[in-house]
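S.K.: dropping a prediction and its sequence here:
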Amino acid sequence: MAVSANPARRLFFFFFSVIKDVINITGTIKLIGVSL
């Protein structure tokens, strides 16, 4: 995938990756809470 020099596009992908990380972290916390 070509990296665009468009700042809005880079900002979108940055927020998308951050949201994905937050979802993964909350999912992991839920799994830990269930196993405890």
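M.R.: Sure thing, it's come through.
S.K.: neighbours of F13, how many?
M.R.: For F13, the count of nearby residues is 13 (other CB atoms under 10 Å). Every C-beta, even on glycine, is put in place using the N, C-alpha and C of the backbone.
S.K.: ok, it to N6 distance?
M.R.: As judged by CB to CB, to the nearest Å, F13 and N6 stand 10 Å apart.
S.K.: also F14?
M.R.: Separation of F14 from N6 (CB to CB) stands at 12 Å.
S.K.: just L31 next, same as before
M.R.: Separation of L31 from N6 (CB to CB): 37 Å.
S.K.: work out the gap between the helix or strand harbouring K20 and the centre of the chain.
M.R.: Here K20 sits within helix 7-35, counting by DSSP states H and E. Helix 7-35 sits 3 Å away from the centroid of its parent chain (CA atoms, centre = their mean, to the nearest Å).
S.K.: mind giving me the packing neighbours of it?
M.R.: Judged by 3 or more CB pairs under 8 Å, 6 or more residues apart in numbering; DSSP states H and E, helix 7-35 is in contact with no other helix or strand.
S.K.: average pLDDT for that helix?
M.R.: Helix 7-35 shows a mean pLDDT of 93.
S.K.: put the alpha carbons of stretch 13-24 into CSV.
M.R.: Output in CSV follows, covering the C-alpha atoms of stretch 13-24 (Å, rounded to 0.1, in the frame of the first residue of the first chain):
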residue,chain,number,x,y,z
PHE,A,13,-4.9,5.7,9.8
PHE,A,14,-3.2,6.8,13.0
PHE,A,15,-6.5,7.1,14.8
PHE,A,16,-7.7,3.8,13.3
SER,A,17,-4.7,2.0,14.6
VAL,A,18,-5.1,3.6,18.1
ILE,A,19,-8.8,2.6,18.2
LYS,A,20,-7.8,-0.9,17.1
ASP,A,21,-5.2,-1.1,20.0
VAL,A,22,-7.8,0.2,22.5
ILE,A,23,-10.3,-2.4,21.4
ASN,A,24,-7.6,-5.1,21.7
